[in-house]
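*Asks:* any chance you can model this:
(one chain, ligands or ions: 1)
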Amino acid sequence: MIILKIGGSILTNKDAVSEVDTKSLKRIASEIKSSLDNSFKELIIVHGAGSFGHPPAKKYKIGERFDESEYPQKRIGFCETQNAVKKLNMYICEAFIDEGLPVVAIPASSFMRATNKRITEGNLDSFKRYLDKGFIPVIYGDVVLDEELEICVISGDQLIQYLAKNLNPDMVVLGTDVDGVYNKNPKTHDDAIFFDKFSSLDDLDTFEGTTNVDVTGGMVGKIKELLYLADLGIESKIINAEVENNVFKVLENEKVKGTVISRGN
Ligand code: ADP
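*Replies:* Numbering: from 1, shown residues only. Reported below is the predicted structural model:
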């Protein structure tokens, strides 16, 4: 089984609210289809919320503690966020189905629960059932109920971690808009040094996050989730999904530039 995450940075235009990058989406869908046509693979797709989910989540401060009197507003914020990411998911699924990929959406808000922003409940049986029947389950960054905070945001990166921990995949791949992990943000530092392998947060020069609309931690948040998986012995790889054919190649087990996150040397 392969768990493939496609970052919100690839699928949406982060500078504009709720705009899908239709070209990238179609290209990635066709790369996945070509690989599946080559040989059968069990595949789960995770996608980020990108410019769809972050603005309402930020506006309503989803995930921060609040007073009972604020509940009506928070509820609406939860609904707005859920609906926004659902819309993005709909565009993504539409593009995938157009390519002939049998994707089925399984939204986190419909079955997962968190405690202090960490997923603590979420039965994955339906993922296994759909996989058994030849479907490609798709899950995405979403809002869920939280035992401590009432409501919170769950990132696609946390979902990757939860799925991988519980489903024991053969491969975990994250496609984003940079080649992998650098010692500092390569978009703002020309002298950033690239890591083929990454095993500790200490290797980062700064904790500078990522693009400003992101409320879920950006690259550092991503790495933290993946290091947790590395501790469990599950290796993952971050690749640049903006580079044509990278997604196809990685699914085919071909060599692709990227950063492997593992605790080994
Ligand atoms: P996605 O939406 O694909 O999950 P994010 O936008 O959350 O990805 O994170 C990717 C971004 O993180 C990159 O575009 C890059 O600008 C930023 N970033 C910050 N620090 C680093 C770093 N040390 N190495 C690589 N990318 C970094």
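
*Asks:* in stretch 247-259, what counts as buried?
*Replies:* Neighbour-count burial for stretch 247-259, counted by 16 or more other C-beta atoms under 10 Å, picks out Val247, Phe248, Lys249, Val250, Leu251, Val256, Gly258, Thr259. No exception for glycine: its C-beta is placed from N, CA and C like everyone else's.

*Asks:* over to stretch 38-47?
*Replies:* Lys41, Glu42, Leu43, Ile44, Ile45, Val46, His47.

*Asks:* quick one: the last one and Leu4 touch, right?
*Replies:* This means His47. No: applying C-beta atoms under 8 Å as the test, His47 and Leu4 come out as separate, 9.3 Å apart.

*Asks:* gap between stretch 160-172 and the chain center?
*Replies:* In terms of C-alpha atoms, centre = their mean, to the nearest Å, the centre of stretch 160-172 is found 12 Å from the chain centre.

*Asks:* ok, back up a step: inside strands: which ones of the buried residues of stretch 247-259?
*Replies:* Gly258, Thr259 (DSSP state E).

*Asks:* nearest to the ligand, of the buried residues of stretch 247-259?
*Replies:* Thr259 (8.2 Å; C-beta to the nearest ligand atom).

*Asks:* where along the stretch 1-150 of the chain do the helices fall?
*Replies:* With helices called from DSSP state H, counting those that start in this stretch, the stretch 1-150 of the chain shows them at 8-11, 22-38, 50-59, 71-98, 125-132.

*Asks:* which residues of the stretch 51-200 of the chain lie near the ligand?
*Replies:* Thr176, Asp177, Val178, Val181, Tyr182, Lys184, Asn185, Pro186, Lys187 (C-beta under 6 Å from any ligand atom).

*Asks:* I'd like the residues you listed as TSV, with secondary structure, pLDDT and neighbour count appended.
*Replies:* TSV is the format used below for these (DSSP: H, G, I helix; E, B strand; the rest coil; pLDDT from 0 to 100; neighbours: other C-beta atoms under 10 Å):
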residue	secondary structure	pLDDT	neighbour count
Thr176	strand	95	25
Asp177	coil	93	17
Val178	coil	95	21
Val181	coil	94	26
Tyr182	strand	92	21
Lys184	coil	87	16
Asn185	coil	88	19
Pro186	coil	90	17
Lys187	coil	88	13
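
*Asks:* please work out which residue of the stretch 1-150 of the chain is closest to the ligand.
*Replies:* Of all residues in the stretch 1-150 of the chain, Gly7 sits closest to the ligand, at 1.8 Å by C-beta to the nearest ligand atom.

*Asks:* wait, isn't that residue in contact with Val173?
*Replies:* No: Gly7 is beyond contact range of Val173, at 11.0 Å (criterion: C-beta under 8 Å).

*Asks:* can you tell me the centre-most residue of this structure?
*Replies:* Gly156 (3.0 Å; C-alpha atoms, centre = their mean).

*Asks:* please name the residues that touch it.
*Replies:* Applying C-beta atoms under 8 Å, 6 or more residues apart in numbering to Gly156 gives the contacts Lys5, Gly7, Gly8, Val46, His47, Gly48, Ala49, Tyr140, Gly141.

*Asks:* if you set the cut-off to 10 Å instead, what comes out?
*Replies:* Contact partners of Gly156, counting by C-beta atoms under 10 Å, 6 or more residues apart in numbering, are 5-8, 45-50, 53, 85, 108, 139-142, 174, 216, 222, 225.

*Asks:* check what pLDDT it gets.
*Replies:* pLDDT for Gly156: 95.

*Asks:* from Asp202, how far out is it?
*Replies:* Separation of Gly156 from Asp202 (C-beta to C-beta, to the nearest Å): 25 Å.

*Asks:* kindly report the same for Arg65.
*Replies:* Relative to Asp202, Arg65 is positioned 31 Å away (C-beta to C-beta).

*Asks:* of those two, which one has the most company?
*Replies:* Set Arg65 next to Asp202 and count neighbours by other C-beta atoms under 10 Å: Arg65 wins out with 9 against 5.
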